[in-house]
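Student: Sequence and predicted structure, then a few things I'm wondering about:
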Amino acid sequence: MSAEELIVTLADMHATPDTCHDGGRRFCKEHGLDWRAFQRSGLPVSQVEGYDDAIVQAIIATARRRAAREAEVA
């Protein structure tokens with residue numbers, strides 16, 4: 001993972017409509033992703049972007065908008 005890679009966070013999930021902890025936990029379990037790591041520090045977008053799941057794609061879009069806003073401020 002490069003230092004520049006976008007990290008999808010729990011805050012991104014919370015900022016995305018129609019998402020919840022239970023759904024996130026279930027998704028991680030079903031796909032062998034570390035839920036606790038996601039809660040603590042997020043997951044690299046490269047680890048989740050390949051899933052054909054509308055909610056995951058919406059969370060990634062939220063993360064990208066957040067990163068764009070942060071880049072504008074920096």
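Tutor: Great, that's in hand. Residues are numbered from 1 along each chain as shown.
Student: what's the neighbour count on Cys20?
Tutor: Cys20 has 11 neighbours, counted by other CB atoms under 10 Å. C-beta: built from backbone N, CA, C; applies to glycine.
Student: any idea how far it lies from Ala58?
Tutor: Going from Cys20 to Ala58 by CB to CB, to the nearest Å gives 13 Å.
Student: Please apply the same query to Asp34.
Tutor: Distance, Asp34 to Ala58, using CB to CB: 21 Å.
Student: Check Glu70 too.
Tutor: Here Glu70 is placed at a distance of 19 Å from Ala58 (CB to CB).
Student: These two - which one has more neighbours?
Tutor: More crowded of Glu70 and Ala58, by other CB under 10 Å: Ala58, with 16 against 9.
Student: Skip the chain neighbours and tell me the closest residue to the more buried one.
Tutor: Thr16 (5.1 Å; CB to CB, 6 or more residues apart in numbering).
Student: What are the phi and psi values at Thr19?
Tutor: Main-chain dihedrals, Thr19, degrees, to the nearest 10: phi -120, psi 160.
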